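**Q** Mind folding the following:
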Amino acid sequence: MEQKSGILFPREANRNSITLSGKDFQDEKLKAVSQVTGGIAHYFKNQLFGIGANAHIIKKHYAENEFIVKRTENIITAAQQCSNALMKLLSFAQRMELHSSPVDIHEIIRKAIARGTDRFKVVIPIATSLKAKHSIVSGDYEQLQIVLINLMENAMDAITQGGGTLTFSTDEELLRINNKNDGTAGNNPSGLSPGEYCSIRVRDTGAGMSKDILANAFEPFYTTKKKGAGYGLGLSQVYGIIMALHGGITINSDENKGTEVVIYLPVSDEKIETQTPSQPAYSSQAKLKGINTVLLIDDEEVVRHTTKELLGDEGITVVMFDNGKKAIEYYSRHSTDVDLVLLDMMLPELDGEEIYRRLCKINPNVKVIVFSANSDIDKASNLLRQGALGYIEKPGGFGDLYNQISKLLS
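**A** Next comes the predicted model:
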């Protein structure tokens, strides 16, 4: 075994006689998981939408039947848990695109501690030592909270086993990387690209990890918890998010002494944008003004029929097509009758981008919302820049599609 920056990797891996070590070995595993996950994600997101949304429809129509309501709630919960696990896999495989913006890591740490303490209901000593002179980093506010809460949960488990304290800290000085291969005095512990980085440390004095456990720390589905207590996706999700944000991460751990996770995030010189006030909640009773007919273009039958029923319950007529050519032909004849288009991105013959361009040629003012299971945010972003109104990623909130559309149109 070879140890690099506190993370253990096998010196060799017998995969088609390819010798791998250190970060290359982890990257090879990441690539393999990415290929598998990317191949199944689109299919499963569509099916999860069908399962969860149909359960919502049944629950709504049998609201007076306690037995049916309880069972449909169980189905919705199970579908949501599957969706959450899939998103963790996607983040590990770096197929969930993240868009960085300037955020205050000190604010995120404080928020994560508050959320984690409330969520886990565990009272342990938590200390902070936030000394970074430059705490503005390039990152994703919500995803970084997920990272810290995951690490907090792991630390709490370790402390529950062995007792101890949990400390969140930031280094006073920035880590400056001049050369990607510069390992002088441990200056580049995570193979970072040249630049300046803020170091965030999450340390517990709990049970710690053995070398064997540490070697598999970032493996998806690897867990030391009892059956049913966890699925081994927490640290792999952390790894994927940090990599997607162009950062770095290391773990040092000793049995009976504790564990320290160090995250490196690129600093930002940009100003933090002022947060816009949260939008008011929408109720299903609030009708969509001017939206009477929706054109749905999606090649998944379960998505088409479920969406038609969801919106039909709100008094909206849904015209459905499973491919772009038929939909464009229909729209060319009935553009004045269609108030909104729900457009999938991955379709046979014509993809979502080409369909959007052709719809705009027919009617430059066409209202389009991207409704897709594709995690490639860049493609959806292209359509948003061209004039699409918004993006709803399946499976979303299952039965909450109407409210999601309401928010985007508002």
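**Q** how close does residue 294 sit to residue 389?
**A** 13 Å (C-beta to C-beta, to the nearest Å). C-beta: built from backbone N, CA, C; applies to glycine.
**Q** neighbour count winner among these two?
**A** residue 294 (23 against 16; other C-beta atoms under 10 Å).
**Q** What separation do you get for that one and residue 318?
**A** Counting by C-beta to C-beta, the gap from residue 294 to residue 318 is 5 Å.
**Q** Touching both of these two, which residues are there?
**A** residue 311 (C-beta atoms under 8 Å, 6 or more residues apart in numbering).
**Q** Following the chain onward from the helix or strand harbouring residue 55, which element is next?
**A** Residue 55 is part of helix 22-61, with elements assigned from DSSP states H and E. Following helix 22-61 in sequence order, the next helix or strand is helix 66-92 (DSSP H and E).
**Q** quick one: average pLDDT of that following helix?
**A** For helix 66-92, mean pLDDT rounds to 82.
**Q** who does that helix touch, helix- and strand-wise?
**A** helix 22-61, helix 234-244 (3 or more C-beta pairs under 8 Å, 6 or more residues apart in numbering; DSSP states H and E).
**Q** Of those helices, which shows the lowest average pLDDT?
**A** Among those, helix 22-61 scores lowest, at a mean of 74.
**Q** Check the gap between residue 43 and residue 308 for me.
**A** In terms of C-beta to C-beta, residue 43 sits 21 Å off from residue 308.
**Q** Can you pick out the residue with more neighbours from those two?
**A** residue 308 (17 against 11).
**Q** For the residue nearest to that one when sequence neighbours are not counted, give me the pLDDT.
**A** When the adjacent residues along the chain are set aside, residue 308 lies closest to residue 318, with 4.1 Å between them (C-beta to C-beta, 6 or more residues apart in numbering). Note on residue 318: pLDDT of 96.
**Q** Is residue 318 located within a strand, as I assumed?
**A** Yes. Counting by DSSP: H, G, I helix; E, B strand; the rest coil, residue 318 falls inside a strand.
**Q** mind listing what it touches?
**A** 293, 294, 295, 296, 307, 308, 311, 312.
**Q** helix or strand for the fifth one, which one?
**A** I take that to be residue 307. Residue 307 belongs to helix 301-312, assigned by DSSP H and E.
**Q** pLDDT averaged over that helix, what's the number?
**A** 93.
**Q** How about that helix, which residues are buried there?
**A** 303, 304, 306, 307, 308, 310, 311 (16 or more other C-beta atoms under 10 Å).
**Q** How about the first one: what's its closest non-neighbour residue?
**A** Among residues not flanking residue 303 along the chain, residue 46 sits closest, at 5.4 Å (C-beta to C-beta, 6+ apart).
**Q** Check the second one too.
**A** The shortest distance from residue 304 to any non-neighbouring residue, by C-beta to C-beta, 6+ apart, is to residue 320 (4.5 Å).
**Q** That neighbour: neighbour count?
**A** Residue neighbour count, defined by other C-beta under 10 Å, stands at 18 for residue 320.
**Q** which ones are touching it?
**A** Counted by C-beta under 8 Å, 6+ apart, residue 320 has contacts 296, 298, 304, 305, 307, 308.
**Q** Residue 341 too?
**A** So residue 341 contacts 294, 295, 296, 297, 331, 359, 366, 367, 368, 369 (C-beta under 8 Å, 6+ apart).
**Q** How about the secondary structure of residue 134?
**A** Under three-state DSSP, residue 134 comes out as coil.
**Q** ugh, typo on my part, it should be residue 296
**A** Per three-state DSSP, residue 296 ends up strand.
**Q** The residue nearest to residue 303 and residue 304 touch, don't they?
**A** No. If you go by C-beta atoms under 8 Å, residue 46 and residue 304 don't touch, sitting 10.2 Å apart.
**Q** Which positions within stretch 247-262 qualify as buried?
**A** 247, 248, 249, 250, 251, 252, 253, 258, 259, 260, 261, 262.
**Q** quick one: the fourth one from residue 198, how far?
**A** Read that as residue 250. For residue 250 relative to residue 198 (C-beta to C-beta), the value is 14 Å.
**Q** for the first one, same thing?
**A** Summarising the geometry, the distance separating residue 247 from residue 198, computed by C-beta to C-beta, is 9 Å.
**Q** Overlap in contacts, those two.
**A** 264, 265.
**Q** returning to what we had before: return the distance of the helix holding residue 307 from the chain's centre.
**A** 25 Å (C-alpha atoms, centre = their mean, to the nearest Å).
**Q** Can you name every helix or strand that it contacts?
**A** helix 22-61, strand 293-297, strand 317-321, helix 401-409.
**Q** at 6 Å what do you get?
**A** helix 22-61, strand 317-321 (3 or more C-beta pairs under 6 Å, 6 or more residues apart in numbering; DSSP states H and E).
**Q** Just the CA trace of the helix or strand following the shortest one, in PDB.
**A** Pointing back at strand 317-321 there. The C-terminal neighbour of strand 317-321 among helices and strands, as given by DSSP H and E, is helix 324-334. Extracted C-alpha coordinates of helix 324-334, given in PDB (Å, rounded to 0.1, in the frame of the first residue of the first chain):
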ATOM      1  CA  GLY A 324     -39.300  16.600 -32.200                       C
ATOM      2  CA  LYS A 325     -40.400  16.300 -35.900                       C
ATOM      3  CA  LYS A 326     -44.000  15.600 -35.100                       C
ATOM      4  CA  ALA A 327     -44.100  18.300 -32.400                       C
ATOM      5  CA  ILE A 328     -42.600  20.900 -34.700                       C
ATOM      6  CA  GLU A 329     -45.100  20.000 -37.500                       C
ATOM      7  CA  TYR A 330     -48.000  20.400 -35.000                       C
ATOM      8  CA  TYR A 331     -46.600  23.700 -33.600                       C
ATOM      9  CA  SER A 332     -46.300  25.100 -37.100                       C
ATOM     10  CA  ARG A 333     -50.000  24.700 -37.500                       C
ATOM     11  CA  HIS A 334     -51.200  25.500 -33.900                       C
END
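**Q** Listing partners with orientation, what would you give for whatever helix or strand comes next after helix 324-334?
**A** Using DSSP H and E, the helix or strand that follows helix 324-334 in sequence is strand 340-343. Paired strands of strand 340-343, with direction, are strand 293-297 (parallel), strand 368-372 (parallel) (DSSP bridges).
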